[in-house]
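>>> okay, predicted coordinates and the sequence, questions at the end:
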Amino acid sequence: MLSATQLEALRAQIRRGGGEKAHARQAAQGKWSARQRINYLLDNPDEAVEIGLLAGYELYEEPCPAGGVIVVIGKVQGIPCVLVANDATVKAGAWFPITAKKNLRAQEIAMQNRIPIIYLVDSAGVFLPMQDEVFPDKEHFGRIFRNNAVMSAMGIPQYAAIMGPCVAGGAYLPIMSDEAIIVERTGSVFLAGPYLVKAAIGEVVDTETLGGARTHTQISGVADYRAQNDQEALDILKRLLAQTQRRSTFTWQRATPRPPRIPPTEIPNLLPPDPTQPYDMYKILEALLDADSFTEYKADYGRTLITGYGRIEGWPIGIVANQRSVVRSGKGEMQFGGVIYSDSADKAARFILNCNQKQIPILFLQDVTGFMVGTRAEHGGIIKDGAKLVNVVANSVVPKYTVIVGNSYGAGNYAMCGRAYDPRLIVAWPTARIAVMGGTQAAQTLLQTYKKDQNLSPEEEAQLLKQIREKYERQMSPLYAAARLWVDEVIHPHETRHYLSQLIEAAQWGYEPQPFPVGVIQT
């Protein structure tokens, strides 16, 4: 299991980007680093939250810290914004497949919350050795420019500062924004650079003449503002943000924030070292929710799921949480913790309906091994009841947030609002384990498949079982998930309240209540 110390060390390593020499080269050009640019823009960098820091971790043969792009959600001139900054210390800001995926996730957050997005562009373009994984498909590079157009139609403000190279298809990103700033001497934008122009049409031209700041502000009119350096460009961005008007008049009734009854720093002590062991999710709630704010819904029914209303930093929130303790149903039957039964699914579906009726955001706390299996469960209609829950989660129109506390297995991941169900934030604790089923069960299942085709000795069978389990355990790690952006971030448990509070406040800026179309569902 990933320890707190290991997570902090890994974070520090990734924040160094391409290393000291790469940072020195950038500074010699008169350019700030991507993180310096972001911090200068933010009203308070300590309040902001970063998304996708672990993206690209051990994903490619070439190191790709943070996916080569930094994404932060924070306030600029009092306005919640998504900030996207290419890290030119990582392969000159080149786009890996995960870079495109992370940019798309940043745009998705801006669209979900209808908040401004700021692009700080400094990229040499697509990482050519992997161009086939970046260029042509629906969720590849071109989708970013499609999103530029869609956000414009939605009225979401988009601002761009061209602070380094901006080449080929990537040139459309800043120019499809509402307003674009370009920095003299370091900023450039063109569909083909000098070398390609010479190869294509035989013209010899330098970078500044082809696509520098003066060319695009005095001749082509492609850029709107010219800045002498990074600081001036960022100051212009701040002034533009100060003129941005909020369109939504909706506000959630925020109460005075209160600290939880149990300090959030105590959460690791509330979780068992063995992820298969039970624990009491009510204690976790006491460490996450404002003290005395929790009102439980149907407390004595469907007890392997906890549902109720609470507050986080004063913001109203609905809770759907897996209970890992072994409990008794209303019929007196023992129920396994972390398993969703028919009555639990029915209760959660009804509660989510209520949250949508009241326009209350929902927090899902996952530690789920799946839906109950076996003859009794199947005869009782577990598939039908599970389908109800999946239906309302899919169609829910209020903001949804997901924290993976422990296990996140199979259809339980879906019913508890996994990545496929559009949570506005999905984070994992170091204790998270994400897979279609547990490692031991998967290894045993795969082993039976192999044994059908091969006559294995007991020693060979044991060795194969060990290899399968080790591979499966590695793939269940939260680091494996974060590297692929299956989760937005791996965070310490005590950071959870801050992440949720910042994202709920961001959601309020552009929130527009919507009708709740539940589709075909029997409740």
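Thanks, I have the structure now. Every value quoted in this text rests on a predicted model; they were computed, and no experiment measured them.

>>> quick one: Q335 from S325, how far?
Distance, Q335 to S325, using C-beta to C-beta, to the nearest Å: 10 Å. Heads up, the C-betas are built off the backbone N, CA and C, glycines and all.

>>> and G370, by the same measure?
G370 sits 17 Å away from S325, going by C-beta to C-beta.

>>> next one: Y409
18 Å.

>>> kindly report the same for D280.
Distance from D280 to S325, by C-beta to C-beta: 5 Å.

>>> what about the strands in the stretch 151-300 of the chain?
Assigned by DSSP state E, counting those that start in this stretch, the strands in the stretch 151-300 of the chain fall at 158-167, 179-183, 188-190, 225-227, 295-296.

>>> and the longest one, what does it pack against?
If I follow you right, that is strand 158-167. Where contact means 3 or more C-beta pairs under 8 Å, 6 or more residues apart in numbering; DSSP states H and E, strand 158-167 is packed against strand 117-123, helix 142-154, helix 172-175, strand 179-183, strand 188-190, helix 230-242.

>>> which one of the ones you listed lies closest to A321?
strand 117-123 (31.8 Å; C-beta to C-beta).

>>> what lines up beside that closest one in the sheet?
Using DSSP bridges, strand 117-123 pairs in its sheet with strand 79-86 (parallel), strand 158-167 (parallel).

>>> mean pLDDT for these - can I get that in a markdown table?
Formatted as a markdown table, the strands paired with strand 117-123 follow (pLDDT from 0 to 100):
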| stretch | mean pLDDT |
| --- | --- |
| strand 79-86 | 97 |
| strand 158-167 | 94 |
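
>>> what about Y409 and S325, which has more around it?
Of the pair Y409 and S325, Y409 is the one with more neighbours under other C-beta atoms under 10 Å, namely 24 against 16.

>>> and that one, how far from V427?
Distance, Y409 to V427, by C-beta to C-beta: 18 Å.

>>> now the strands for the stretch 401-523 of the chain?
Shown for the stretch 401-523 of the chain, the strands assigned by DSSP E, counting those that start in this stretch span residues 425-428, 433-435, 489-490.

>>> below-threshold pLDDT in the stretch 351-500 of the chain: ranges please.
Across the stretch 351-500 of the chain, the ranges flagged by pLDDT under 70 are 437-443, 446-447, 449-453.

>>> repeat for the stretch 51-200 of the chain
For the stretch 51-200 of the chain (pLDDT under 70), the answer is 128-129, 169.

>>> hmm, try it at 90
Along the stretch 51-200 of the chain, segments meeting pLDDT under 90 span 91-95, 123-142, 166-173, 191-198.

>>> picking that back up, columns mean neighbour count on top of the helices and strands packed on strand 158-167, output as a markdown table?
Formatted as a markdown table, the helices and strands packed on strand 158-167 follow (neighbours: other C-beta atoms under 10 Å):
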| stretch | mean neighbour count |
| --- | --- |
| strand 117-123 | 26 |
| helix 142-154 | 16 |
| helix 172-175 | 22 |
| strand 179-183 | 25 |
| strand 188-190 | 24 |
| helix 230-242 | 18 |
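
>>> can I get the ones you listed in TSV including distance to P63?
What follows is these, written out as TSV (distance: least, C-beta to C-beta, whole Å):
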stretch	distance to P63
strand 117-123	17
helix 142-154	23
helix 172-175	24
strand 179-183	27
strand 188-190	26
helix 230-242	25
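
>>> for G19, find the nearest of those.
With C-beta to C-beta as the yardstick, what comes closest out of these is strand 117-123 (16.6 Å).

>>> contacts for that closest one next, please.
With C-beta atoms under 8 Å, 6 or more residues apart in numbering as the test, strand 117-123 has contacts from 31, 34, 37-38, 41, 76, 81-88, 92-95, 106-107, 110, 151, 156-167, 170, 173-174, 177, 237, 241.

>>> how far away from the center of its chain is stretch 30-37?
24 Å (C-alpha atoms, centre = their mean, to the nearest Å).

>>> I319: what secondary structure?
strand (DSSP: H, G, I helix; E, B strand; the rest coil).

>>> any idea how far it lies from G410?
In this view, I319 and G410 are 22 Å apart by C-beta to C-beta.

>>> do V189 as well
V189 is 47 Å from G410, by C-beta to C-beta.

>>> with A153 instead?
From A153 to G410 the distance is 38 Å (C-beta to C-beta).

>>> can you pull the contacts of the nearest residue to A506 once chain neighbours are set aside?
In space, and not counting its chain neighbours, A506 is closest to P80: 3.8 Å by C-beta to C-beta, 6 or more residues apart in numbering. Residues near P80 by C-beta under 8 Å, 6+ apart: 73-74, 113, 115, 502, 505-506, 509.

>>> likewise T295?
Here T295 is in contact with 308-310 (criterion: C-beta under 8 Å, 6+ apart).

>>> what residues of stretch 56-63 count as buried?
Residues of stretch 56-63 classed as buried: 56-57, 59-60, 63 (neighbour count, 16 or more other C-beta atoms under 10 Å).

>>> now do the buried residues in the biggest helix by length in the chain.
The longest helix of the chain (DSSP state H) is helix 458-476. The neighbour-count check on helix 458-476 (16+ other C-beta under 10 Å) flags 464-465, 468-469, 472-473, 476 as buried.

>>> from those, pick the one nearest S342.
M476 (27.2 Å).

>>> my read: the closest one touches I434, true?
Yes: assessed by C-beta atoms under 8 Å, M476 is found in contact with I434 at 6.0 Å.

>>> what sits against W429?
Residues counted as contacts of W429 (C-beta under 8 Å, 6+ apart) are 403-406, 478, 490-493, 496.

>>> let's go with 6 Å and repeat that
Contacts here follow C-beta atoms under 6 Å, 6 or more residues apart in numbering; on that basis W429 touches 405, 493.

>>> cool, and W32?
Taking C-beta under 6 Å, 6+ apart as the test, what W32 contacts is D230.

>>> SS state for it?
W32 ends up coil, using three-state DSSP.

>>> what's the separation between it and E333?
Counting by C-beta to C-beta, the separation of W32 from E333 is 62 Å.

>>> can you check Y480 too?
Counting by C-beta to C-beta, the gap between Y480 and E333 amounts to 36 Å.

>>> which of these two has more neighbours?
Higher neighbour count among Y480 and E333: Y480, with 19 against 10, using other C-beta under 10 Å.

>>> that one - nearest residue in space that isn't next to it in sequence?
R474 is the one closest to Y480 (C-beta to C-beta, 6+ apart), at 6.4 Å.

>>> what does the pLDDT read for the residue lying closest to I504 once chain neighbours are set aside?
Counting by C-beta to C-beta, 6+ apart, I504 lies nearest to W315, which is 4.5 Å off, once chain neighbours are set aside. Listed pLDDT for W315 reads 98.

>>> show me what W315 is bridged to.
Beta-bridge partners recorded for W315 (DSSP bridges): I312.
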